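Engineer: sequence and predicted structure below; questions after.
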Amino acid sequence: METEEEKLPFEDAAPPHTAEDFPAGHTAAAGEDEKDEVEYYCGAGPWHPAWLQRLRDARVFTFLLCLFSTVEGALVSGLTAVVLSTIERRYRLTSTQTGALASMTDIAVVTSVIFISYFGGRGHKPRWLGVALIVEAIGAFVFSLPQFLFGEYETGSSSDRDTETCADEIDFSSDCTSANNAAYFFFMMGNILIGVGAAPLFTIGTSYIDEIVHPKYVSIHLGIFYMMAIIGPALGFGLGGLFLSIYVDPSVNTHLTPRDPGWVGAWWLCYIVCGALCLVIAFPFFLYPRVLPNSGEVRELREREMALRGRTVVRRRRAEDRWNVVREFPRELKRIAMNPSWLFVTLGLGLASVTISGFASFGVKYVENQFGLTTSEASIITGARTIPTAGAGVITSGLLIYFFKIRGRKLPLMGLVTCSLAVLTVFGFLIHCPTPELAGVIVPYPDGSDGASDTTSLAASCTASCNCTSSVFDPVCGADNIVYFTPCHAGCPPANNGSFESCLCVAEQLSTNLTSPPPLLITNSSASEGLCNEDCTWQLQLYLVISAFTLFFVFMLQIPNITITIRCVAEDQRTLALGLQSSIIRLIGFVPGPILFGVVFDSACLFWQRDCGRRGNCWVYDNATLSVRAVVLAILAMMCYIVFIILCWLFYPKSQPSSLTTTNERGEGDKKREWESSFAYTLYSKCQNTLEERLVVQKF
């Protein structure tokens with residue numbers, strides 16, 4: 001007979017029942033008291049067909065939850081990172097504005113996750129997850145509405161539109177209506193709904209897995225679950241890269257190509273596809289029972305692994321009363337907040353999340369600007385790097401915990417070592433390509449004109465007779481290997497057979513590099529469309545290799561931190577503890593993270609778009625400044641995590657004794673355990689032990 005130790009992972013799940021096991025209309029386990037009756041069968045109302053009971057398997061539920069996490073990751077992390085630079089150009093936003101936009105998802109989670117976790121943890125968990133998917137789908141559709149409400153993208157909407165050249169009389173007037181502000185409002189509302197829909201995933205979902213899976217295999221289920229949550233952003237990168245290579249208005253002909261700075265891809269298609277996927281995945285969750293048949297046995301085994309401060313009494317029947325559930329809510333929050341192990345791991349994760357959320361939101365834009373790639377290329381490369389490295393990090397941590405039986409105080413030490421390795425590799429983000437030498441901004445015009453950050457200062461003597469408007473960034477690379485804002489700013493006459501010849505500023509710049517020939521003798525004063533090509537192949541390859549290691553170590557932190565959280569609190573507090581932790585992490589990490597990285601991007605901007613008397617999006621960044629400031633911010637956040645994980649290790653409680661208390665009413669023993677579980681008692685006991693040790697030393 002097979003012993004428990006010889007079982008393979010997932011073999012503990014209950015096998016599907018046959019048709020004879022499910023009489024018509026039967027929805028509860030026989031012999032149960034009417035008040036404690038538990039539904040075990042999949043279905044809806046009186047409909048519980050035998051073939052549907054194949055869903056009553058922990059592996060199937062984990063698979064469905066993985067689909068949820070994949071789509072959620074694609075919406076929240078992947079697509080957000082991909083489309084930020086695109087909607088900046090389309091709706092003339094700054095990086096700080098788009099950073100705040102990315103933070104709205106986390107703000108929505110912060111304001112809703114505690115209540116969702118508390119009441120959802122005491123309700124029908126699978127149905128809460130189904131409703132969450134529907135809300136997330138609505139949010140995705142709302143996010144895409146500006147494309148249908150505010151007309152075409154004007155910059156490249158005509159196939160015969162001329163390029164701004166010297167002596168042209170072209171009107172590039174800006175649209176100063178409030179359409180961009182209205183679009184920003186829809187983006188905000190869409191992200192809020194997406195955030196509310198995402199709130200139950202890692203709280204209610206994680207708690208339900210812990211209720212139906214044998215404790216021995218929980219780390220494997222969670223590892224697969226969180227790995228799929230990482231593949232989700234990769235799916236978003238792939239979808240984004242695919243759809244952003246299509247013009248934003250597919251029915252309109254345009255002269256722009258994906259390599260033009262003014263190109264805008266079909267960002268809205270990504271959200272339509274993900275919204276439809278959410279609706280499809282939501283349906284099976286409404287068919288699941290409240291618990292699975294083996295949940296009682298799993299609960300008894302799980303309580304033996306609970307930390308000493310975890311309360312072992314069975315949930316009291318009076319808590320089933322809805323009024324008592326509401327009344328106990330503040331008391332339960334206080335009990336969790338006074339748990340030092342939970343508090344320190346939560347604060348550490350929150351501060352480390354500043355780095356994670358910042359690079360998640362601006363990672364694609366970072367690669368795009370630092371290595372001169374298109375948005376589509378940057379998103380595909382970022383996704384291809386993220387899938388194997390981040391996924392491998394989560395799975396590796398889960399397997400290490402499983403095979404080496406890492407429990408208790410070893411878990412914070414595992415987080416400490418992993419984060420220290422991540423700090424060492426984050427210096428790879430200092431690798432970048434040289435900043436394009438833009439005339440009037442990086443490199444002065446021959447007469448000394450330097451634009452700094454104001455488009456009106458791009459005027460020079462070589463463009464004095466030109467009518468340059470500087471409303472659209474249409475760069476050209478001169479024969480002098482200098483980038484000019486437009487052909488007009490290079491002093492180029494209208495193009496002849498697709499090429500710009502006899503550009504006055506190019507000729508004048510070349511003449512300054514020669515000792516005797518006057519400008520008239522300069523024969524090669526041409527310019528070509530686009531930025532000057534800079535071979536950054538080795539820099540990009542080295543960056544991808546080092547950043548892959550950084551991602552691997554950062555995502556190795558996921559499983560040990562989640563395991564610490566669900567093992568250092570009481571059994572009936574796990575869902576609320578995860579929800580409160582998620583809220584705090586997002587409040588101090590995911591909300592300010594994108595905003596701080598947006599400020600870093602804006603602070604490194606060298607040249608701003610100007611529309612209607614205000615700043616628009618940034619055209620050119622100082623690559624060196626951007627990389628240094630991003631790395632400094634990342635290191636500070638991760639060092640804070642190291643400090644708090646050390647404190648978590650110091651205060652982590654001992655393991656639970658094998659004897660279990662199963663009383664239904666709180667007694668004096670429960671009150672004593674609560675006092676011994678409090679933060680104040682932990683400090684008191686440590687101080688007392690230190691004092692006793694000193695007295696012993698003095699005695700001898």
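Structural biologist: That came in fine, so what should we check first? Numbering: from 1, shown residues only.

Engineer: switch to C-alpha atoms for all contacts and neighbour counts from now on
Structural biologist: OK.

Engineer: helices and strands around the helix or strand hosting Thr389, which ones?
Structural biologist: Element membership for Thr389, per DSSP states H and E: helix 375-403. With contacts defined as 3 or more Cα pairs under 8 Å, 6 or more residues apart in numbering; DSSP states H and E, the packing partners of helix 375-403 are helix 80-91, helix 218-243, helix 340-370, helix 537-555, helix 558-567.

Engineer: let me have those helices in a markdown table, extended by mean pLDDT, distance to Arg629 and mean neighbour count.
Structural biologist: Shown next, in a markdown table, are the helices and strands packed on helix 375-403 (pLDDT from 0 to 100; distance: least, Cα to Cα, whole Å; neighbours: other Cα atoms under 10 Å):
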| stretch | mean pLDDT | distance to Arg629 | mean neighbour count |
| --- | --- | --- | --- |
| helix 80-91 | 84 | 19 | 24 |
| helix 218-243 | 81 | 25 | 26 |
| helix 340-370 | 89 | 12 | 25 |
| helix 537-555 | 91 | 16 | 19 |
| helix 558-567 | 86 | 26 | 22 |
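
Engineer: same list, the ones you listed, but as TSV with distance to Arg290 please.
Structural biologist: Output for the helices and strands packed on helix 375-403, formatted as TSV (distance: least, Cα to Cα, whole Å):
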stretch	distance to Arg290
helix 80-91	34
helix 218-243	19
helix 340-370	27
helix 537-555	31
helix 558-567	20
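
Engineer: quick one: closest of these to Ile380.
Structural biologist: Of all the helices and strands packed on helix 375-403, it is helix 218-243 that lies closest to Ile380, at 5.5 Å by Cα to Cα.

Engineer: what's the spacing between that closest one and its chain's center?
Structural biologist: 11 Å (Cα atoms, centre = their mean, to the nearest Å).

Engineer: can you name the next helix or strand after it?
Structural biologist: helix 267-285.

Engineer: what sits up against that next one?
Structural biologist: Contacts with helix 267-285, where a contact means Cα atoms under 8 Å, 6 or more residues apart in numbering, come from 64, 67-68, 71, 74-75, 79, 83, 86-87, 126-127, 129-131, 133-134, 136-141, 143-144, 147, 236, 239-240, 243-244, 248.

Engineer: let me see the domain layout of this protein.
Structural biologist: If you go by automatic domain parsing, the domain ranges for the chain are 58-154+180-434+535-607+624-651, 455-529, 668-699.

Engineer: mind putting these in JSON lines, distance to Val443 included?
Structural biologist: Shown next, in JSON lines, are those (distance: least, Cα to Cα, whole Å):
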{"stretch": "domain 58-154+180-434+535-607+624-651", "distance to Val443": "12"}
{"stretch": "domain 455-529", "distance to Val443": "8"}
{"stretch": "domain 668-699", "distance to Val443": "60"}
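
Engineer: lowest average pLDDT across those?
Structural biologist: Note on the domains of the chain: domain 668-699 shows the lowest mean pLDDT, a mean of 49.

Engineer: buried ones in the helix holding Thr389?
Structural biologist: 375-399, 401-402 (16 or more other Cα atoms under 10 Å).

Engineer: relative to helix 218-243, how tilted is it?
Structural biologist: 170 degrees (axes from the mean of the first three to the mean of the last three Cα atoms, to 10 degrees).

Engineer: any idea how far helix 375-403 is from the chain center?
Structural biologist: Put simply, helix 375-403 sits 13 Å off its chain's centre (Cα atoms, centre = their mean).

Engineer: following that helix, which helix or strand shows up next?
Structural biologist: helix 410-425.

Engineer: ok, and what's touching that following helix?
Structural biologist: With Cα under 8 Å, 6+ apart, helix 410-425 has contacts from 546-547, 549-551, 553-554, 556-557, 560-561, 563-564, 635, 638-639, 641-642, 645-646, 648-649.

Engineer: ok, now with 7 Å
Structural biologist: 546, 549-550, 553-554, 556-557, 560, 564, 635, 638, 642, 645, 648-649 (Cα atoms under 7 Å, 6 or more residues apart in numbering).

Engineer: just stretch 327-336 next, same as before
Structural biologist: With Cα under 7 Å, 6+ apart as the criterion, stretch 327-336 contacts Ala577.

Engineer: got the buried residues for it?
Structural biologist: Under the neighbour-count criterion of 16+ other Cα under 10 Å, stretch 327-336 has 332-333, 335-336 buried.

Engineer: which of those fall within helices?
Structural biologist: Mapping those onto helices (DSSP state H) picks out 332-333, 335-336.

Engineer: mind listing the strands for the stretch 401-550 of the chain?
Structural biologist: 476-478, 483-484, 527-529 (DSSP state E, counting those that start in this stretch).

Engineer: can you lay out the ones in helices among the buried residues of stretch 327-336 as a markdown table showing distance to Cys166?
Structural biologist: Output for these, formatted as a markdown table (distance: Cα to Cα, whole Å):
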| residue | distance to Cys166 |
| --- | --- |
| Glu332 | 71 |
| Leu333 | 68 |
| Arg335 | 72 |
| Ile336 | 69 |
